[in-house]
Every structure is written in structure tokens, then in C-alpha cells.
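S.K.: sequence-free structure coming up:
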Ligand SMILES: Nc1ncnc2c1ncn2[C@@H]1O[C@H](COP(=O)(O)OP(=O)(O)OP(=O)(O)O)[C@@H](O)[C@H]1O
């Protein structure tokens, strides 16, 4: 991949409480790449993402965003972030439009919305197929619809980099298809994506590279296991009862 590095991690370590959670992560995401971060529960995927965006402090190593050291990086409107849905629900009563508009604030002067900002909100809702729910409370939405709104909020500032933590978790099939289509369009227009996934699922055709974490370290960094599905990853040792053949070795994703 020849694009410039959009995300660069070198030897990044992080602790939560006194527990080492990232133990020397090297990761580069180039412009235009779609990289999936995979790994078992607790392997450090969310922490890696939260360290990149500055929600968790790194205790060691180097992080750069768009070639700028993270500690001096200020251009946050270039980055759209979709947190794990459970942490974003919040119980705050707000309409779909209000939630998506919040994602546009970084593009406004003093929070004042102009025509172009309102148009961007409408467009983001159209992208995720939620324009007809613009005035509804987010509390009235299904999990999948809620996730679509969070993705619209991340896209409304027209970011160059999209970071998503398990965007498909708890999302119904219809919404998964819409999200995959939305992401496909964004990738076609050149967006860079880093996303945590439990399985590649409908996003599989979009993924350029898979980075697998285990116990806070990078275990695999290379092509996604396209042909055989996630269980073709090296080291998988999960045995499926329905397997007719010799069990494949993985164990990375569950
Ligand atoms: N606030 C916290 N304080 C202490 N330890 C934490 C905290 N949050 C997470 N951990 C621990 O850090 C480790 C990594 O968690 P993290 O959420 O990054 O993993 P993950 O790979 O994203 O897992 P999952 O797939 O379950 O979301 C886990 O062992 C978790 O228990």
C-alpha cells in the first residue's frame, strides 16, 4: 500500500488500572486502506482504538495521526469516531437530527449552523437510510437504526478517517446491509477506515488488511482470510461441532 500513513503506532503500551492492556503495538494504516482489528474478547482492541483517539493515555511508544504526533494533533474534524454502541446510548433524550448535528459542530464557527451544515446533516441521514426518522427520538430506534445514526454522526463532518468499534454488534441484518453499502460508498470516495470487528461478515469484501491482537500484542498483520472466512486465520483452534473435516486452527476471534 503506497498511501501515506494516516495512523501510525510504534511500540504503544497502555495500562488500565495497573493492568497492562497494550504491550507494544505496532500498527500502520495508510490512506485509503480499510483495516479490521480482530481478536478475542479482552485482547485490547477497544483499548487500542481509544488510545489512538486519546481517550486512554499511552504509557509508552509513539502515536501519529496524519503524520502529526498525537499529543499535538488538533484537527479532530478529520476523524469520525463510532464508539461501541453500549457506551454511546447514554439515555439522553435527543432527536436523530440533534445527535447527527453534534457530529458537525467541529466544522462550524462557534457552533452556528449554516445552510451547508444543515444540508450535510440531511445528507448523512440519507446515506444511512434514516432521513425519514430525522425528527424521532433516538430512544425510539432499534439497535441497528441507532447504530446507523451514530455512523451518520461520524460521517457528517466529512472525515478522512473513520474509526469504528464493532459497528455491526447488535445490528439487524437489514441495517448491516445498509451499513456495508454506506461504508462501500465512503471507501470508494477514498476514506481510510480502522474498525474493530468480531467477524468480517458483510464487510469482508471491503477489508484490505486484518490485524489480529492477542493479549495486547499484534499476532497477525496481513491479508484478511477472504476465501475461507474468519476461521482460516492462523492459530484458530476453535472446533465447530459441524466440521466434517480436520478442525481448522484459529482461536483468535472468540
Ligand atoms: N476500565 C478498565 N479498567 C481495568 N481493566 C479494563 C478496563 N476496561 C477494560 N479492561 C480490561 O482490559 C482488557 C482489554 O479490554 P478491551 O475492551 O480493550 O478488549 P477488547 O479486545 O476490545 O474486548 P471486547 O471484544 O470484549 O470488546 C480486558 O482484559 C478488560 O477486562
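M.R.: Thanks, I have it. All figures in this text were calculated on a predicted structure; none of them were measured in a lab. Residues are numbered from 1 along each chain as shown.

S.K.: how about the residues of the chain near the ligand?
M.R.: For the chain, the contact set with the ligand under Cβ under 6 Å from any ligand atom comprises 16, 17, 19, 21, 39, 41, 42, 43, 44, 45, 46, 47. In this view, the C-beta of every residue, glycine as well, is placed from N, C-alpha and C.

S.K.: biggest separation within those, which pair?
M.R.: Greatest spatial distance among these (Cβ to Cβ): 17 and 39, at 20.1 Å.

S.K.: between the two, who's got more neighbours?
M.R.: Legend: neighbour count by other Cβ atoms under 10 Å for residue 17 and residue 39, higher for residue 39 (27 against 6).

S.K.: surely the more buried one touches residue 212?
M.R.: Yes. Here residue 39 lies in contact with residue 212, judged by Cβ atoms under 8 Å, at a distance of 5.4 Å.

S.K.: and residue 163, what does it touch?
M.R.: Residue 163 makes contacts with 49, 52, 53, 79, 80, 81, 82, 193, 194, 195, as judged by Cβ atoms under 8 Å, 6 or more residues apart in numbering.

S.K.: in the helix ranked longest in the chain, which residues are buried?
M.R.: When the chain is scanned for its longest helix (criterion: DSSP state H), the result is helix 173-188. Residues of helix 173-188 classed as buried under the neighbour-count rule (16 or more other Cβ atoms under 10 Å) are 175, 176, 178, 179, 180, 182, 183, 186, 187.

S.K.: what helices or strands is that helix leaning on?
M.R.: The contact analysis (3 or more Cβ pairs under 8 Å, 6 or more residues apart in numbering; DSSP states H and E) places helix 173-188 against helix 143-155, strand 192-196.

S.K.: next one: the longest one to chain centre, how far?
M.R.: Average the C-alpha atoms of helix 143-155, do the same for its chain, and the two points are 12 Å apart (Cα atoms, centre = their mean, to the nearest Å).

S.K.: next: the last one.
M.R.: Distance of strand 192-196 from its chain centroid, counting by Cα atoms, centre = their mean, is 5 Å.

S.K.: contacting residues around the helix or strand following it?
M.R.: As assigned by DSSP states H and E, the chain's next helix or strand after strand 192-196 is strand 209-214. For strand 209-214, contacts defined as Cβ under 8 Å, 6+ apart pick out 1, 25, 27, 33-40, 43-45, 48, 200, 218-225, 233, 235, 252.

S.K.: again, only this time at 6 Å
M.R.: 27, 35-39, 43-45, 219-221, 224, 252 (Cβ atoms under 6 Å, 6 or more residues apart in numbering).

S.K.: could I get those residues as JSON lines with distance to residue 60 and secondary structure?
M.R.: As requested, the contacts of strand 209-214 are exported to JSON lines (distance: Cβ to Cβ, whole Å; DSSP: H, G, I helix; E, B strand; the rest coil):
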{"residue": "27", "distance to residue 60": "15", "secondary structure": "strand"}
{"residue": "35", "distance to residue 60": "22", "secondary structure": "strand"}
{"residue": "36", "distance to residue 60": "25", "secondary structure": "strand"}
{"residue": "37", "distance to residue 60": "20", "secondary structure": "strand"}
{"residue": "38", "distance to residue 60": "24", "secondary structure": "strand"}
{"residue": "39", "distance to residue 60": "20", "secondary structure": "strand"}
{"residue": "43", "distance to residue 60": "19", "secondary structure": "coil"}
{"residue": "44", "distance to residue 60": "14", "secondary structure": "coil"}
{"residue": "45", "distance to residue 60": "19", "secondary structure": "helix"}
{"residue": "219", "distance to residue 60": "20", "secondary structure": "strand"}
{"residue": "220", "distance to residue 60": "22", "secondary structure": "strand"}
{"residue": "221", "distance to residue 60": "20", "secondary structure": "strand"}
{"residue": "224", "distance to residue 60": "29", "secondary structure": "coil"}
{"residue": "252", "distance to residue 60": "25", "secondary structure": "coil"}
